[in-house]
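Novice: only geometry, no sequence info:
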């Protein structure tokens with residue numbers, strides 16, 4: 001009844017506004033006019049159906065759908081774990097290969113160091129023997145040989161001798177060769193960037 005009355009009031013207000021009257025005049029209408037307005041009020045105003053909402057929430061998932069979703073997630077996690085295991089195995093294999101290469105390089109370095117040490121030791125021994133040989137000679141004999149020997153041998157032997165042994169030999173050598181050997185021995189004591197070994201005349 002209240003809803004019907006409200007609808008009637010709305011219709012009366014509409015008629016009043018259409019005729020230029022106020023809502024007060026509408027309430028003062030005759031009973032016949034009020035009844036006509038009440039009959040003109042639409043029934044749908046009193047009992048209107050609720051408007052459907054767009055984008056309504058989806059219906060909750062069924063237990064079967066939940067089980068399917070859980071199974072799919074479990075499969076996805078298992079696949080991800082397999083990928084991680086495969087990657088970990090690849091990394092482990094690469095690390096093992098690197099370790100083997102590092103061990104091989106270390107063994108090779110140790111072997112080279114050993115060979116180099118033996119070569120230096122043997123070379124030192126050979127130089128020491130040459131020094132003793134030339135020391136046992138007379139200076140004039142040693143000077144004659146040094147004049148004909150390679151410059152590397154002459155420098156190596158004479159620089160390894162004590163000055164009291166190498167001095168007489170150098171004094172008896174050809175002057176040009178003696179100056180060249182003396183210059184090379186002097187420059188060898190300098191840093192590589194300070195050495196001046198160009199324009200040295202041997203003969």
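Specialist: Cool, got the structure. Fair warning: this is a prediction, and the values are worked out from it, not measured in the lab.
Novice: what does the helix or strand containing residue 157 contact?
Specialist: Counting by DSSP states H and E, the element that carries residue 157 is helix 151-160. Here helix 151-160 makes contact (Cβ atoms under 8 Å, 6 or more residues apart in numbering) with 127-128, 130-131, 134, 146, 166, 169-170, 177, 180-181, 184-185, 188, 202. C-betas here are computed from N, CA, C, even on glycine.
Novice: run the last query once more with 6 Å
Specialist: 127, 130-131, 134, 146, 166, 181, 184-185, 202 (Cβ atoms under 6 Å, 6 or more residues apart in numbering).
Novice: Return the item of those residues having minimum pLDDT.
Specialist: Minimum pLDDT for the contacts of helix 151-160 is recorded at residue 202 (54).
Novice: lowest-confidence helix or strand of this structure?
Specialist: In the chain, the helix or strand scored least confidently by mean pLDDT, DSSP states H and E is helix 43-46, which has a mean of 44.
Novice: For whatever helix or strand comes next after that helix, enumerate the helices and strands it packs against.
Specialist: The helix or strand immediately downstream of helix 43-46 is helix 63-136, counting by DSSP H and E. The contact analysis (3 or more Cβ pairs under 6 Å, 6 or more residues apart in numbering; DSSP states H and E) places helix 63-136 against helix 151-160.
Novice: Skip ahead from the helix it packs on and say which helix or strand is next.
Specialist: helix 163-172.
Novice: what's the angle between the helix or strand that that following helix is followed by and helix 151-160?
Specialist: Sequence order places helix 175-188 as the next helix or strand after helix 163-172, per DSSP H and E. If you take axes from the mean of the first three to the mean of the last three Cα atoms, to 10 degrees, helix 175-188 sits at 70 degrees to helix 151-160.
Novice: Which residue ranges make up the domains of this structure?
Specialist: Per the record, the chain has its domains at 2-42, 66-117, 137-194, by automatic domain parsing.
Novice: Least confident of these, on average?
Specialist: Among those, domain 2-42 scores lowest, at a mean of 48.
Novice: quick one, phi psi at residue 62?
Specialist: When read as degrees, to the nearest 10, the backbone of residue 62 gives phi -80, psi 160.
Novice: burial count for it?
Specialist: Neighbour count for residue 62, taken as other Cβ atoms under 10 Å: 9.
Novice: separation between it and residue 76?
Specialist: Using Cβ to Cβ, to the nearest Å, residue 62 is found at 21 Å from residue 76.
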